[in-house]
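Visitor: Sequence and predicted structure below; questions after.
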Amino acid sequence: MSTSNLKLTSLIFLYLVLVGSLLGGCSTYDLLKHKNKPQPVNNAPLTPPSWQATLPHDGKVAELTDWWQQFNDPVLTQLIESAQLVNPDIATARAKIATAQAAVTAANAQLLPNVKAGASASRSRSGQALPSSSGIVFPTSNTVGISADMNWELDVWGKNKADKNEEEAKLSGTKALWHEARVIVAADTAKQYINYRLCENLEKIANKNVESSSETARLSGLTAKAGFLAPANASQAEAQAAEAINQLKKQQLQCVLMVKSLVALTAIPEPALQAALDKNSGMTPTPVNIEVDAVPAKTLAQRPDVLNAERNVAAASFEIKVNEAQRYPSLSLGGNIGLSYDTAAHKLITNRRSFFKDGLTWSIGPLAVSIPIYDAGVSKANIKAAKAQYEAAKIIYESVARNAVREVEDALVTLNSTALRLDDVKKAADGFNASLTATQTRYQANLANLFELEEARRASLQADTNVFTLENERILAWIDLYRAMGGGWTATRNTLPNDTPALIFEHAINHDINEVEVNLIDMKNPDGNP
């Protein structure tokens, strides 16, 4: 083919694409003016102007992104890392992101021409006698051809653009749900670990209570045999000792069950996990305060579930646009360009320039219009359903926003209450401990009997139990606040990182991610076995 013919063909094909682009560009009637944002939900504010609960700003505060690090407990961070690596909800969320990304790609493809290339080859002999320079011949013909076909649905009414915007909104919401899954796993794992540390302390107190009750029962038995105590009182003391032993065994069972729960969460072998837990037995990590902004609306920007609900509203609004556009005529444009080569014709025709020109085929069109006339009300019903879905999405968005504020308020109220009560239970524990010390002094001076001493000891142990329990409740409230505040996630971070594993605190880890993985491997294989 000559250079001029190639240029002519290219110009024709480019003209075909240009015409379609101009026609497709008529789809200015879309939702770009909304910038992918949902329509206003209502005129009422979603959140109160300020928090109704007391803000915990009476001490040092920490950013949520490095909040887990300031617990200064390597076992806790390793458990969270391991749990996020194996959690099925996080894996499912990542799979949903891949599905949503594929849907965005498919929607974007609808805005572009669909071009397919084809090739063919054949060999034939017609049996027809043809003249040639050497006489009459019966030629065998080899024919090859290549072609390109294009089909383009022009987005005159903005349907395809709205469909793309809808899928992009769903993708953004799906990514937010992935972040929410990571926050939930981190919080749930930390709660389980904190509760185990409480269980250890309660087990120690229960063990001391058994020792005290057993000593009281022993003394009661001796006193009853000597005739200085009624047998019923001795039996009561024995019953209390048996009940204390029962409570100890029950507490031990709870601790064992918590370890097995951590094994299920983290996939760490139980011997390795138990060895790690035993390193700091009874040591409860305590976080510092989280900074809570005075404006509740800013908290909503840190909640991935709120962003997902907002994106669902946007997707529902675009779905209305898609269904409305389906009621209008659709316009499509086709085109074809092909080139063929026949060996028999090549031998018979001496003018090769003319031959190649005859072997080129192209066409523009048809420019087809499809006009919906009657569909038995299907389009109207689809629009009505899409509007209903939009109204439902708005109500869900409002509910999620209100619930986000409620969860933060609940955590703040609990923190304030535990702070006020903690002073009281600590004073009570100090008082019972002072009473125990005084009773021990009196007992050594023969001014108090063993019954009084053991009673004072058990009262002190109960007071210590109240302190441990309330401190644990306060730490759990901090974790609830961490989760309610979005766990350090913000809308600007709503991107899926390429690195694996994806950790909720990857921005705050002070060492390389490879070192984290090595620590996890060492934890799972303490003996170095593969």
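Guide: Yep, that arrived.
Visitor: contacts and neighbour counts: CA atoms only from here.
Guide: Fine.
Visitor: C-alpha coordinates for the biggest strand by length in the chain, CSV please?
Guide: In the chain, assigned by DSSP state E, the strand with the most residues is strand 140-154. The C-alpha trace of strand 140-154 is given here as CSV (Å, rounded to 0.1, in the frame of the first residue of the first chain):
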residue,chain,number,x,y,z
THR,A,140,-4.6,-21.6,-7.0
SER,A,141,-5.4,-18.6,-4.8
ASN,A,142,-4.0,-17.8,-1.3
THR,A,143,-6.0,-15.0,0.4
VAL,A,144,-5.1,-13.3,3.6
GLY,A,145,-6.8,-10.4,5.3
ILE,A,146,-6.7,-8.2,8.4
SER,A,147,-9.4,-5.9,9.7
ALA,A,148,-10.4,-3.7,12.6
ASP,A,149,-14.0,-3.2,13.7
MET,A,150,-15.3,-0.5,16.1
ASN,A,151,-18.5,-0.1,17.9
TRP,A,152,-19.2,2.8,20.1
GLU,A,153,-22.3,3.7,22.1
LEU,A,154,-22.3,7.5,22.3
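Visitor: Tell me the gap between that strand and the middle of its chain.
Guide: How far strand 140-154 lies from its chain's middle: 47 Å, per C-alpha atoms, centre = their mean, to the nearest Å.
Visitor: list the helices and strands that strand packs on?
Guide: The contact analysis (3 or more C-alpha pairs under 8 Å, 6 or more residues apart in numbering; DSSP states H and E) places strand 140-154 against helix 3-24, strand 114-125, strand 330-342, helix 343-348.
Visitor: let's go with 6 Å and repeat that
Guide: strand 114-125, strand 330-342, helix 343-348 (3 or more C-alpha pairs under 6 Å, 6 or more residues apart in numbering; DSSP states H and E).
Visitor: Helix, strand, or coil at residue 362?
Guide: strand (DSSP: H, G, I helix; E, B strand; the rest coil).
Visitor: My read is that it contacts residue 335, right?
Guide: No. Residue 362 lies out of contact with residue 335 (C-alpha atoms under 6 Å); the separation is 7.5 Å.
Visitor: which of the two has more neighbours?
Guide: Using other C-alpha atoms under 10 Å, the more surrounded residue of residue 362 and residue 335 is residue 335, with 19 against 15.
Visitor: what's the closest non-adjacent residue to that one?
Guide: Closest residue to residue 335 apart from its sequence neighbours, by C-alpha to C-alpha, 6 or more residues apart in numbering: residue 364 at 4.5 Å.
Visitor: and that neighbour, how many neighbours does it have?
Guide: Residue 364 has 15 neighbours, counted by other C-alpha under 10 Å.
Visitor: That one reaches residue 337, doesn't it?
Guide: No. Using C-alpha under 6 Å, residue 364 makes no contact with residue 337, being 8.8 Å away.
Visitor: where along the stretch 401-530 of the chain do the helices fall?
Guide: For the stretch 401-530 of the chain, the helices defined by DSSP state H, counting those that start in this stretch occupy 450-484, 513-524.
Visitor: Kindly reformat those helices as TSV containing mean pLDDT and distance to residue 77.
Guide: Converted to TSV, the helices of the stretch 401-530 of the chain look like this (pLDDT from 0 to 100; distance: least, C-alpha to C-alpha, whole Å):
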stretch	mean pLDDT	distance to residue 77
helix 450-484	88	14
helix 513-524	40	10
